[in-house]
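Participant: Please work out how this folds:
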Amino acid sequence: MYARWAGLAAGAAAAWAVASRDDGLGIGILYAIPAFGLCAVAGVLLGDALTPPPRGPIRSAGLTPRRVRDYVPRRTTHLLVAQALALIALVVTAAVMASPDDQGRAGRTLSATCQGMTQTVGPWPGLFYGGPVLASLALGTAACAWSLRRIARRPSEEQPRRDRALAITAAWGLLVSTPLLGTTTFAAGSLLGLDCMGASGSAWILVPVALSAASTMAWSLTTIVAPRAGRR
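Facilitator: Residues are numbered from 1 along each chain as shown. The predicted model follows:
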């Protein structure tokens, strides 16, 4: 539990340090999001790695192999997978739509031409911002998947095994939902800044995604801090 708290504290400190160094390009807050998520995941993984193996008499076990999906919360995991796919789709779509800014930095703004006039808004979550998000998601997903496989195969009582798998799932949920919330918020803000017809409608489509991400982020934090409260 101390490792989880340390991971959250380190994440908050890292996010503050990154956000405070914003140079006006919007990098600070957007890069702070994956920094926080990675530190939180690292704390949970460290806590699991430091968990001592069970002591006592050797018990017999069935021949059926244990699978990761038997220990993670099924409905929540399905929701997190859907949110991860939504995050990837949103970043890729934003990258395709993105335009260079006035300094030639690719993927930082969104441009649209309406009635013969071109309007540019930003920051826009193209690869200039979305690249670190996708990199942190890939890194954290690989680490969490490895840890879940380790939990499933390592000798342990069933309930502690489920509790640890739940904590790993919550850590991954934080890594998914936090950047999804940030990306949808920034994308919606940029779309609302456009005067073109239909842009605001596209922005409102992102609102349910942002609300879902906020709900998942709250559950993930609750589960990491107070595992019993986060069970469902």
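
Participant: Report all helices and strands that the top helix by length along the chain contacts.
Facilitator: Ranked by residue count under DSSP state H, the longest helix found in the chain is helix 158-192. Using 3 or more C-beta pairs under 8 Å, 6 or more residues apart in numbering; DSSP states H and E, the elements in contact with helix 158-192 are helix 27-49, helix 74-97, helix 127-153, helix 199-225, helix 227-230. Glycine gets a C-beta too; all of them are placed from N, C-alpha and C.

Participant: Mind pulling the model confidence for Asp48?
Facilitator: pLDDT for Asp48: 70.

Participant: With Asp70 instead?
Facilitator: Reported pLDDT for Asp70: 80.

Participant: just checking, it touches Leu148?
Facilitator: No: the pair Asp70 / Leu148 is not scored as a contact, 10.6 Å apart, by C-beta atoms under 8 Å.

Participant: Looking at these two, which one has more neighbours?
Facilitator: Neighbours were counted for Asp70 and for Leu148 using other C-beta atoms under 10 Å; Leu148 has more, 21 against 14.

Participant: quick one, what contacts that one?
Facilitator: Val68, Tyr71, Val72, Ala165, Ile168, Thr169 (C-beta atoms under 8 Å, 6 or more residues apart in numbering).

Participant: How much space separates the residue nearest to it when sequence neighbours are not counted from Gly107?
Facilitator: The shortest distance from Leu148 to any residue other than its chain neighbours is 4.6 Å, reached at Val68 (C-beta to C-beta, 6 or more residues apart in numbering). Distance from Val68 to Gly107, counting by C-beta to C-beta, to the nearest Å: 35 Å.

Participant: So these two - more neighbours on which side?
Facilitator: Gly107 (21 against 18).

Participant: Can you tell me the element Ala112 falls in?
Facilitator: strand 109-114 (DSSP states H and E).

Participant: After that strand, which helix or strand is next?
Facilitator: Sequence order places strand 117-121 as the next helix or strand after strand 109-114, per DSSP H and E.
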